[in-house]
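Undergrad: What follows is a protein structure lacking sequence information:
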């Protein structure tokens with residue numbers, strides 16, 4: 001089991017930027033996939049960005065070109081740089097340890113507590 005703690009959320013106007021961080025516990029960090037997910041009120045949790053143990057990345061179409069996922073294995077930390085934010089990006093953002101590298105929130109059991117991102121127009 002991995003403990004994950006997110007930080008960096010907040011309120012910003014449309015067009016602004018935020019960087020989320022996720023600190024992970026454990027000695028095996030970097031050997032499994034990690035992901036950022038988000039959930040807006042009344043909506044299902046969705047994958048935003050995913051990064052493999054080899055550093056390969058993928059993004060949901062709605063954030064391509066605006067968000068960048070990265071990790072620092074030496075610091076056991078995952079990041080999500082979010083630029084050109086839109087009101088529809090408003091959600092609670094969660095990081096996750098995706099041991100199966102599935103990208104599916106239904107197959108993930110290790111989640112952070114979430115951090116709120118609010119984008120106003």
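TA: Looks like it arrived, so ask away. Predicted model, so just to flag it, every value in this text is computed and none were measured.
Undergrad: hey, which helix or strand in this protein has the poorest pLDDT?
TA: strand 110-111 (a mean of 90; mean pLDDT, DSSP states H and E).
Undergrad: Which strands and helices lie in contact with that strand?
TA: For strand 110-111, the packing partners by 3 or more Cβ pairs under 8 Å, 6 or more residues apart in numbering; DSSP states H and E come out as strand 91-98. C-betas here are computed from N, CA, C, even on glycine.
Undergrad: Which residue lies nearest the spatial centre of this protein?
TA: Among the residues of the chain, the one closest to the centroid is residue 36, at 2.1 Å (Cα atoms, centre = their mean).
Undergrad: what helix or strand does that one sit in?
TA: strand 33-39 (DSSP states H and E).
Undergrad: Return the list of strands paired to the least confident helix or strand of the chain, each annotated with direction.
TA: Strands that pair with strand 110-111, judged by DSSP bridges, come out as strand 91-98 (antiparallel).
Undergrad: one step back: touching the least confident helix or strand of the chain from outside, list them.
TA: 1, 2, 4, 94, 95, 96, 97, 99 (Cβ atoms under 8 Å, 6 or more residues apart in numbering).
Undergrad: Spit out the contact partners of the second one.
TA: Read it as residue 2. 24, 25, 26, 29, 97, 110.
Undergrad: mind putting these in JSON lines, distance to residue 8 and neighbour count included?
TA: What follows is the contacts of residue 2, written out as JSON lines (distance: Cβ to Cβ, whole Å; neighbours: other Cβ atoms under 10 Å):
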{"residue": "24", "distance to residue 8": "15", "neighbour count": "23"}
{"residue": "25", "distance to residue 8": "18", "neighbour count": "12"}
{"residue": "26", "distance to residue 8": "21", "neighbour count": "15"}
{"residue": "29", "distance to residue 8": "18", "neighbour count": "21"}
{"residue": "97", "distance to residue 8": "18", "neighbour count": "24"}
{"residue": "110", "distance to residue 8": "19", "neighbour count": "17"}
